[in-house]
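[1] Just need the structure, nothing else, for what follows:
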Amino acid sequence: MDPSGLTTDKDHQLDQERIGDIFRSGQFSDITVICEDAKWKLHKVILVSRCPWFKRELVEKDPEGEINEIIIASDKDIVGWIIKWIYFKCKLHPANSVEAYLRHSNRGTAIDGTIYNTGTIAYPRLYRAAWRFELSGLMLKIELGMKAYLRQKAIQWQRAFHDTDPLLEPQFLPDNEIDTIQDAIVQTYKYEVDELKVIWVDFAEATMFWPVASGFFKPIFDDVPAYADEVLSYMTDRRYIPAVLKAPHHCKKCHQCPFMHPARTCYYVRVWHDDEGEIVGECNFCTTYRPSLFFEPDE
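    The predicted model follows:
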């Protein structure tokens, strides 16, 4: 703590290390959480202070503090992720992305890296669990993390489409990427995660709907008809319907190809058929218009 009495980042880091030590050792535990065949020796004061669901179960329903064991009917992996979030993430700086947290382990305290190895597949399950345990901070980080991931993926897919003749090379996207996206969308609709459904529809728009028209999304639409309905409904308000698999040669305003732009941060934000039937588009440098997915958090 600095002389002003304010807590410093170093103080915070030390606190987190102490919490990590007692979590791993089980020292001073006063509650056992059980899910399937997994058990965790935990601490009421941490659970109650950081999670509204645990506060209700351990304080409001048990004001005398007699409960020393709680059984949760769920998936043990999900419960494990939630517990580790409560202990190690809920107080960390909000700039830390959920992807980095899921991908990397910090002295064994991060959520198991296997969740991230499946790409976006785990997001719907984790979001649903965060909703159940009333962890609004985790819900927000999942939304922001998923948007950031899909924002970059949409630009990559735009570039792949632009650099390929889809009529001659219809497989312009890797199968594993399509499979990962498909599994994640299936999970989103299976668990009825409305907040993430919107993001998936925005993702289709951010790709300029090119994978939709090319047939890449057909297996996804077959598996999730509700998603197909939402995407196709979204397209009806756009002047561009990609019946012809062709990208514009350049931006209508600056006459440069976004993917040849020296800034390397240029991409299409809008593509449509003009009155003569030509395919035209505008890049992010030439218009203030943005598809929903391309709005940065601070915009």
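[2] Please, where are all the helices along the stretch 1-150 of the chain?
    Along the stretch 1-150 of the chain, the segments classed as helices by DSSP state H, counting those that start in this stretch run 9-25, 44-50, 52-55, 76-88, 98-103, 114-117, 122-132, 136-162.
[3] Which one of those lies nearest to Val33?
    Of all these, it is helix 76-88 that lies closest to Val33, at 6.8 Å by Cβ to Cβ. C-beta: built from backbone N, CA, C; applies to glycine.
[4] Of all the residues in that closest one, which ones are buried?
    Residues of helix 76-88 classed as buried by neighbour count (16 or more other Cβ atoms under 10 Å): Asp77, Ile78, Val79, Gly80, Trp81, Ile82, Ile83, Lys84, Trp85, Ile86, Tyr87, Phe88.
[5] now swap in stretch 38-50 and tell me
    Buried residues in stretch 38-50, defined by neighbour count with 16+ other Cβ under 10 Å: Trp40, Leu42, His43, Lys44, Ile46, Leu47, Val48, Arg50.
[6] Make a markdown table from the helices of the stretch 1-150 of the chain and add mean pLDDT and distance to Gln187 to it.
    Shown next, in a markdown table, are the helices of the stretch 1-150 of the chain (pLDDT from 0 to 100; distance: least, Cβ to Cβ, whole Å):
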| stretch | mean pLDDT | distance to Gln187 |
| --- | --- | --- |
| helix 9-25 | 68 | 28 |
| helix 44-50 | 93 | 26 |
| helix 52-55 | 95 | 22 |
| helix 76-88 | 87 | 12 |
| helix 98-103 | 45 | 15 |
| helix 114-117 | 40 | 12 |
| helix 122-132 | 88 | 4 |
| helix 136-162 | 89 | 12 |
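[7] Pipe the buried residues of helix 76-88 into a markdown table and attach distance to Ile142 per row.
    Shown next, in a markdown table, are the buried residues of helix 76-88 (distance: Cβ to Cβ, whole Å):
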| residue | distance to Ile142 |
| --- | --- |
| Asp77 | 16 |
| Ile78 | 13 |
| Val79 | 17 |
| Gly80 | 16 |
| Trp81 | 11 |
| Ile82 | 12 |
| Ile83 | 16 |
| Lys84 | 15 |
| Trp85 | 10 |
| Ile86 | 15 |
| Tyr87 | 18 |
| Phe88 | 16 |
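[8] and the helices of the stretch 1-150 of the chain as JSON lines, adding distance to Ile185?
    Shown next, in JSON lines, are the helices of the stretch 1-150 of the chain (distance: least, Cβ to Cβ, whole Å):
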{"stretch": "helix 9-25", "distance to Ile185": "34"}
{"stretch": "helix 44-50", "distance to Ile185": "31"}
{"stretch": "helix 52-55", "distance to Ile185": "27"}
{"stretch": "helix 76-88", "distance to Ile185": "19"}
{"stretch": "helix 98-103", "distance to Ile185": "18"}
{"stretch": "helix 114-117", "distance to Ile185": "17"}
{"stretch": "helix 122-132", "distance to Ile185": "9"}
{"stretch": "helix 136-162", "distance to Ile185": "11"}
